[in-house]
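Engineer: Sequence and computational prediction follow.
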Amino acid sequence: MKMIVAIIKPFKLDPVREALTSVGVEGLTVSEVKGYGRQKGQTEIYRGAEYAVNFLPKVRLELVVSDDKVDAVHDAIVTAAKTDKIGDGKIFVLPVEAATRIRTAETGDAAL
Amino acid sequence: MKMIVAIIKPFKLDPVREALTSVGVEGLTVSEVKGYGRQKGQTEIYRGAEYAVNFLPKVRLELVVSDDKVDAVHDAIVTAAKTDKIGDGKIFVLPVEAATRIRTAETGDAAL
Amino acid sequence: MKMIVAIIKPFKLDPVREALTSVGVEGLTVSEVKGYGRQKGQTEIYRGAEYAVNFLPKVRLELVVSDDKVDAVHDAIVTAAKTDKIGDGKIFVLPVEAATRIRTAETGDAAL
Amino acid sequence: MFKLLQKITPLALLGALVAGPANAAVEGETAFVFNTLLFLVMGFLVMWMAAGFAMLESGMVRSKNVATICVKNVAIYAIAGIMFYVVGYQLMYGIDEGGYIGSFSIWAPDNAAFLSETPDFGEGDTYAPSSDWFFQMVFVATAASIVSGTLAERIKLWPFLIFVIVLTGFIYPIQGGWQWGGGWLSEAGFSDFAGSTLVHSVGGWAALTGALILGARKGRFTSSGSTPMPGSSMPLATLGTFILWLGWFGFNGGSQLALGSAANAISVAQIFINTNMAAAGGVVAALIFTQLVFGKVDLTIVLNGAIGGLVSITAEPLAPTGLQAILIGGVGGILIPLAVIALDKLKIDDVVGAIPAHLVCGIWGTLAVPLTNSEVTFSSQILGVAAIGAFVIVTSTIAWFILKAITGIRVSEEDEIAGLDKSELGMEAYPEFTNA
Amino acid sequence: MFKLLQKITPLALLGALVAGPANAAVEGETAFVFNTLLFLVMGFLVMWMAAGFAMLESGMVRSKNVATICVKNVAIYAIAGIMFYVVGYQLMYGIDEGGYIGSFSIWAPDNAAFLSETPDFGEGDTYAPSSDWFFQMVFVATAASIVSGTLAERIKLWPFLIFVIVLTGFIYPIQGGWQWGGGWLSEAGFSDFAGSTLVHSVGGWAALTGALILGARKGRFTSSGSTPMPGSSMPLATLGTFILWLGWFGFNGGSQLALGSAANAISVAQIFINTNMAAAGGVVAALIFTQLVFGKVDLTIVLNGAIGGLVSITAEPLAPTGLQAILIGGVGGILIPLAVIALDKLKIDDVVGAIPAHLVCGIWGTLAVPLTNSEVTFSSQILGVAAIGAFVIVTSTIAWFILKAITGIRVSEEDEIAGLDKSELGMEAYPEFTNA
Amino acid sequence: MFKLLQKITPLALLGALVAGPANAAVEGETAFVFNTLLFLVMGFLVMWMAAGFAMLESGMVRSKNVATICVKNVAIYAIAGIMFYVVGYQLMYGIDEGGYIGSFSIWAPDNAAFLSETPDFGEGDTYAPSSDWFFQMVFVATAASIVSGTLAERIKLWPFLIFVIVLTGFIYPIQGGWQWGGGWLSEAGFSDFAGSTLVHSVGGWAALTGALILGARKGRFTSSGSTPMPGSSMPLATLGTFILWLGWFGFNGGSQLALGSAANAISVAQIFINTNMAAAGGVVAALIFTQLVFGKVDLTIVLNGAIGGLVSITAEPLAPTGLQAILIGGVGGILIPLAVIALDKLKIDDVVGAIPAHLVCGIWGTLAVPLTNSEVTFSSQILGVAAIGAFVIVTSTIAWFILKAITGIRVSEEDEIAGLDKSELGMEAYPEFTNA
Ligand SMILES: Nc1ncnc2c1ncn2[C@@H]1O[C@H](COP(=O)(O)OP(=O)(O)O)[C@@H](O)[C@H]1O
Ligand SMILES: Nc1ncnc2c1ncn2[C@@H]1O[C@H](COP(=O)(O)OP(=O)(O)O)[C@@H](O)[C@H]1O
Ligand SMILES: Nc1ncnc2c1ncn2[C@@H]1O[C@H](COP(=O)(O)OP(=O)(O)O)[C@@H](O)[C@H]1O
């Protein structure tokens, strides 16, 4: 099992969710985050004073999938989240040692 | 050391926190997330038009514990978070290579 | 590659971001979280009734860096986030197996 | 007037005239317009209180119930107006002197006397009947808004609205007729200038019976004590309080019912001062009390303190001096936190603090009338408080139980956890922010 | 009056005098003050509607566009006042009887007749010219606020403000002169008491042409149907609705234009009742309709229902009985959801529901006048609706297309996604909360 | 009047009478009621400004300080009323002609002359003393609200409230007596119709001394320049501005102090127009200025622009034409951003921009009086601005330093970071949303 963490542009959440569903992902967790990267935050103006807003709104996806699905999921995200403009985001893959479905206490791939 | 990531129903946060305290957990971090899984989001109505709210509010717990505590923590969460209804959530266990307490620069299990 | 997860005090975000930039970090993701630890939440009063606010606002940094940068990043965070008061937070290091830049499909250290 | 006619001479007449503007009295039609204008201006201020309740309650409930409380407050004001038109006004004012209940008939204005070729404007005490109706109408919704605040976050929408129909169409007008309609209670010497009992306590009693029958919100009281459920937006609660404060000038000032003479104008002005000073007294008392007793100032208690001060002075906003008004309101401002604590002890769940503010201070204000108005006795005040209290308790209990039996009044535990906005309305008040 | 003079005798005079206050009429200067006061009080209520639109729209747009809608609403009210001063008033009221357009000149008050040594206050129908100007002015911004709500979240700031200049300085006053200035339409027998057509439909038509030319928000309509974009704050939307409801007493009540007699006071009071009851009818109708048809009460439709009821009664708030007002408003409350659904089908994107509330109910209210006012004919009402509709459609289409050609009217897709607050203003309305 | 008596004949009398309503003057008691009504209606509008300040400041501070600013604003209005009752009014109006300070005594209304059997209503210039008191009272809180906005987010609650006691009970009334009480400054020819200097600059000076003594918020100014700390809610700030705008009609309109004649009614109407146009001018000037100079429209500067325009016209809202009012307000709208930039340069931290709006525009408005009112000289205006400025600077500096010495006035750095809501009140304004 792997945990896939993807940082994407907020307005890409729906397309990515649909792409993931179509490759068989049955569960995922998202959160609102702010990102800092090559895409710099813009300069905002407040009462005549400029200031840098260093962080941009992003959405963070976290989903644990069985090993065999990692590639499909990875590719689905890349395809759906891409705009070719700076700030499209990242995908990270982390090892997961165990998973449990709280409701049934099922573990392993059955828990996903 | 392991990082335990648990996705639970928001109203279960307090019982889970208490259960964790009782098994000796001294630190954890929570965040508000939205989840997508077998439990589908409901249909909301706005100005006569239905639309699917695909994501449901969940709470994400993240806590790093020493290896020997993993099972106790895992079981405490399962017991406290369970409602037997769909959407109860997941527990994932990830390996952690190092931990530091910023205040003291302590590392390893002492940092938890 | 490692994922560094750091929980810090919210008002330390800017100094930490600056410290990270100065050690060559080019991307990171932050989120608002609530923390529970040795530093207990305060007691709030609402309509004459006291109640414990168990969780304190914290900021969670998540950044994936190449192996050789882990130490520098770790030390930069410790230095910048430290107030020597309880509640300063934690740093966790997790193994990462793969990383992709969505925009270019670059992988590995080039994706960071 | 008639005798004067016989004695009058051109000279006397001249004298009367040349005395000139300095002491010339307000004339009939002019007084009519002034009185009408008072009703309209004070009436729109009271109407504005509907927004005050909506904002106060929106700020005091958790965000998952905010849209529902908005629906309720808009619906309450609309329903109250319609019910008062269709049945309430005549039930209240179509009553015999000393009677117990008015007539079941629809109201219509009778302007004939004023629009005739030879109009009769009385002794400066007439007004457009429609303006009076408007002013009476805006009071009705207040009682129902009080109930809405107490029972928030757990009551079903439609059963609540049916209760509002019963309250505004029947319970409120019947007891209102006893006093303001000239019924038996007014003959018994009871005095309630602008409704500490007739409006605020009525809402408070209905809220209390509702709270007892409905029960507390899940998790609000545990074995270990009470768990506060902080409201979602303090600035909205503050805004609501300021709106109510503003509206109260209309509530009390308009209850003078006339502006067409210097004496009336002086009275309305004094009422404005006393209304304001009682609220100020309530605020300062609550500020100091919460600092001393809780160790910290408690904003929502201070806001309640303003309202408690206002309710306290409502039974008699004319007789006190400004200083007395500060004290009467100040007592209200201390009764609030005491009552909040007592309700907590009794495990009665009142989301916005309406029972302390409207019921407890309503009783206090009514009983305090004899302190500054020597024409009123404590015994008649106790009689009024008890009679109306008993009536509202009985009738609203019956209404709640019938509703409970037929439709149920409480949402399921699951729906309560999810929030009424999602379960009852299928929407969110703050779709982008909330996650709780 | 003149005939009376010839007949008068000291005795008759005496009789008139000793009848005393009971039926003495309002005198000239007193009526002047009453009329002036009516304009000022009702005028400040209408001014307050600017805040109502600001709050309603702030609540109905997504948070990333809230600061921009705030800028627009403040700017609209400011620009409308200046344009009406500089050119609008005279264009509207400096018109010949039966004419088509007023004069291009700046307005200035003429108080000479009232401040002379021997002032002439007419037959109780005079007032301070400045109070009339003030009251007329506050109406102007309303039309523009309607446009702002419909076109929110995608229109560029400055081109929008230029459109506001054209609308408030020219389009509104020209058509307003046709009727309220005494122009050709008023001679044709058209009747629009307070502006169902002259104010609300005008805003509605301009909004509709704008919505068609500008197009829907990205993602609002997809092949599979319509995707709602829920507003960011239901309590603000509710507050805005209550503000508008309050302001509407001024809108309709002040349009009686006089308070200086019992007859006028009675009329204003009746207008207050009808205004209120129509809104109440709209709320209850929308409540029931959405429950029955959508299966759940829809808060924003209920709020629109209140406004729809208010717009519906605005063309004739005096003639109906309260019950008729409830029905007229109730029809408005049902037209709202029907129109919302129809716009969705037609893929016309109206962010706040201004077209259903102001245009559809504006037409309904105007056509409904003959139902309660027998002096008005359907044909003249249709003529008015059609003439003003055609004029506004043509002129605003031209204005929109010129703006589109010169500056463009729509922000880029990227800016729309980021939100107008960031792209147009470089700021955020809720910098701490939002992340969407 | 007396001479007329001697000449009068039945015929002349007849003539006077039959001239009929057309030019009959407002009579004594009627004028009394009008004047009283003016005070009450304009007074409740000014009272409403307390809500405006509360909302404006709630929107302009960060969410961690919102509950505290709500407490302060409610407390300010309450305390101001009580202090003005107990000591302020008599200190201000119980002053000898040309005097320097009034009497230390509690105010009570004297209605004897109006309620006697043979009442004397003067020459149309009388009113209920209580209505005058009410109108004067609502002004007091304004000055204190200004201070609250500037010093937000870092001042301790109770020391601030003690300062409010000093300001509203002593500083404000003493200097107010100099001019409006008929003291030495009014004899020196100073002119300040509704308080550009007496109310707004007073608040502004007290805010400025406070800001200097208290210091800036931590992190607001760094070596590299200024770091904005954006306010938490732009729609609340916008709402607050609209409330203030509405309330200002009462502020300036009521300062005419009489409505009982055509001349007064005309004046009040003109004041309404000028008040509105100055605000409109301020808005449009700030819109254009920020677009041209900052490259983007800045909402909070535009909101300040409205207030700046209003403050600018307050010293003389009657004499200007509407066009002049636009210009006077427009200058205010440009002074705002200039002053904001200057304060930033000077590292003076004014959270809501109260110093630019109330102090800078207050001075500008006062100095601009001679431009439209030829009876006023620049030198007397400068004298007034300087004298009151000096008095407030000295007295408030003393008050601040005493408070600093005894209780301290600033929260600890840790408390400031946590936010005053948590540290001072132990609560959160938005417990569900905030995390910052
Ligand atoms: N090393 C990293 N660790 C964690 N998050 C990162 C990292 N690099 C980038 N991100 C996240 O990805 C987002 C996009 O990255 P950015 O460098 O701006 O664009 P791009 O991926 O197109 O080069 C950032 O805003 C940040 O949230
Ligand atoms: N594979 C997954 N990866 C990450 N989060 C998941 C995954 N599956 C489920 N979740 C999270 O757990 C929540 C509950 O899952 P769901 O499938 O609805 O119910 P259940 O666990 O009872 O089968 C989801 O809303 C989502 O937040
Ligand atoms: N074992 C843990 N797992 C995850 N997060 C933790 C853990 N321990 C502490 N934290 C986070 O770090 C924050 C600070 O920890 P705390 O124990 O209060 O202070 P300190 O680190 O100074 O001892 C907590 O509020 C929590 O968010």
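Structural biologist: Received it, and whenever you're ready, just let me know what you need. Ligands and ions are numbered 1, 2, ... in the order given.
Engineer: So the nearest residue to D:Gly98 once chain neighbours are set aside versus chain F, what's the distance?
Structural biologist: What sits nearest to D:Gly98 in space, not counting adjacent residues and going by CB to CB, 6 or more residues apart in numbering or on different chains, is D:Glu187, at 4.6 Å. Placement of C-beta: from N, CA and C, glycine included. Going from D:Glu187 to chain F by CB to the nearest CB, to the nearest Å gives 29 Å.
Engineer: In this structure D:Glu187 contacts D:Glu97, no?
Structural biologist: Yes: checked against CB atoms under 8 Å, the pair D:Glu187 and D:Glu97 is within contact range at 7.4 Å.
Engineer: So for those two, which residue has more residues nearby?
Structural biologist: Taking neighbours as other CB atoms under 10 Å in any protein chain shown, D:Glu187 and D:Glu97 compare with D:Glu187 leading, 13 against 10.
Engineer: partners of whichever strand or helix holds A:Pro57 in the sheet?
Structural biologist: Secondary structure from DSSP states H and E places A:Pro57 in strand A:56-65. Note on strand A:56-65: by DSSP bridges, its sheet partners are strand A:2-8 (antiparallel), strand A:28-36 (antiparallel).
Engineer: which stretch in the ones you listed has the least confidence?
Structural biologist: Among these, strand A:28-36 has the lowest mean pLDDT, at a mean of 93.
Engineer: and it with ligand 2, contact?
Structural biologist: Yes: Strand A:28-36 reaches ligand 2 (CB under 6 Å from any ligand atom) through A:28-29.
Engineer: What lies in contact with that strand?
Structural biologist: Outside strand A:28-36, the residues within contact range by CB atoms under 8 Å, 6 or more residues apart in numbering or on different chains are A:7, A:10, A:13, A:17, A:20, A:54-63, A:87, A:89, B:7, B:31-37, B:55, B:58, B:60, C:17, C:27-31, C:62, E:435-436.
Engineer: what does chain A put close to chain C?
Structural biologist: Within chain A, the residues that sit near chain C (CB under 8 Å from any CB of the partner chain) are A:2, A:5-8, A:31-38, A:54-55, A:58, A:60, A:74, A:77-78, A:81-95.
Engineer: Could you pull out the strands in the chain for me?
Structural biologist: Just going to use chain A. According to DSSP state E, chain A carries its strands in the segments A:2-8, A:28-36, A:43-46, A:49-52, A:56-65, A:90-95, A:98-101.
Engineer: that answer is for a different chain, and I need it for chain D
Structural biologist: Counting by DSSP E, the strands of chain D are D:221-222, D:225-226.
Engineer: gap between the residue lying farthest from the centre of chain A and chain F?
Structural biologist: In chain A, the residue that sits farthest from the middle, by CA atoms, centre = their mean, is A:Gly48; the gap is 36.0 Å. As judged by CB to the nearest CB, A:Gly48 and chain F stand 5 Å apart.
Engineer: tell me the pLDDT at residue 86?
Structural biologist: Using chain A here. Value for A:Ile86, per-residue pLDDT: 92.
Engineer: sorry, should have said chain D
Structural biologist: D:Val86 is given a pLDDT of 96.
Engineer: for the one 4 residues further on, same thing?
Structural biologist: Predicted confidence (pLDDT) at D:Gln90: the value is 97.
Engineer: How many residues are close by the residue nearest to it when sequence neighbours are not counted?
Structural biologist: Of all residues not flanking D:Gln90 in the chain, D:Ser105 sits nearest, at 4.6 Å (CB to CB, 6+ apart). Taking other CB under 10 Å as the criterion, the count of residues near D:Ser105 is 12.
Engineer: and D:Phe134, what does it touch?
Structural biologist: D:39-40, D:43, E:269, E:272-273, E:276.
Engineer: For the residues you listed, which entry has the maximal number of neighbours?
Structural biologist: E:Asn276 (33 neighbours).
Engineer: OK, contacts around the residue lying closest to it once chain neighbours are set aside?
Structural biologist: Take E:Asn276 and drop its neighbours on the chain: the residue closest to it by CB to CB, 6+ apart is D:Gly81, 5.8 Å away. For D:Gly81, the contact set (CB under 8 Å, 6+ apart) comprises D:137, D:140-141, E:276-277, E:280.
Engineer: what do you get if the cut-off is 10 Å, keeping everything else the same?
Structural biologist: Counting by CB atoms under 10 Å, 6 or more residues apart in numbering or on different chains, D:Gly81 touches D:47, D:50, D:88, D:134, D:137-138, D:140-141, D:168, E:273, E:276-277, E:279-281, E:283-284, E:322, E:326.
Engineer: measure it to D:Val74 for me?
Structural biologist: 12 Å (CB to CB, to the nearest Å).
Engineer: Spit out the residues that contact those two alike.
Structural biologist: With CB under 10 Å, 6+ apart as the test, D:Gly81 and D:Val74 both reach D:50, E:279-280, E:283-284.
Engineer: Count the residues that sit near D:Gly182.
Structural biologist: Quick note: D:Gly182 (other CB under 10 Å) scores 17 neighbours.
Engineer: I'd assumed D:Asp96 was in contact with it.
Structural biologist: Yes: under the criterion of CB atoms under 10 Å, D:Gly182 makes contact with D:Asp96 at 8.2 Å.
Engineer: so what sits against both of these two?
Structural biologist: D:Gly102.
Engineer: coming back round to it: biggest separation within the contacts of D:Phe134, which pair?
Structural biologist: D:Phe39 and E:Asn276 (13.1 Å; CB to CB).
Engineer: shared neighbours, the two?
Structural biologist: D:134, D:138.
Engineer: What's the local residue count around the closest residue to A:Lys69 other than its chain neighbours?
Structural biologist: Nearest residue to A:Lys69, sequence neighbours excluded (CB to CB, 6+ apart): A:Gly24, at 6.8 Å. Neighbour count of A:Gly24, defined by other CB under 10 Å: 12.
Engineer: Next, work out how far apart A:Gly24 and chain E are.
Structural biologist: 22 Å.
Engineer: these two touch, right, that residue and A:Leu63?
Structural biologist: No: the pair A:Gly24 / A:Leu63 is not scored as a contact, 11.5 Å apart, by CB under 10 Å.
Engineer: Quick check: neighbours shared by those two?
Structural biologist: A:69, A:73.
Engineer: Tell me the residue of chain A that sits nearest ligand 2?
Structural biologist: The minimum distance from chain A to ligand 2, using CB to the nearest ligand atom, falls at A:Gly27 (2.0 Å).
Engineer: How about stretch D:108-118, which residues are buried there?
Structural biologist: D:109, D:111, D:114 (16 or more other CB atoms under 10 Å in any protein chain shown).
Engineer: quick one, what contacts D:Asp132?
Structural biologist: Contact analysis of D:Asp132 by CB under 10 Å, 6+ apart lists D:35-36, D:39, D:43, D:89, D:93, D:109, D:126, D:254, D:257, E:269.
Engineer: Please repeat the previous calculation with a cut-off of 6 Å.
Structural biologist: Going by CB atoms under 6 Å, 6 or more residues apart in numbering or on different chains, D:Asp132 touches D:Phe39.
Engineer: Relative to E:Ile313, how far out is it?
Structural biologist: Distance from D:Asp132 to E:Ile313, by CB to CB: 21 Å.
Engineer: Get me the contact residues on the stretch 51-200 of chain D for chain F.
Structural biologist: Contacts of the stretch 51-200 of chain D with chain F, taken as CB under 6 Å from any CB of the partner chain, map to D:Ser63.
Engineer: okay, and for the stretch 51-200 of chain D, where does confidence drop off?
Structural biologist: For the stretch 51-200 of chain D, no stretch has pLDDT under 70.
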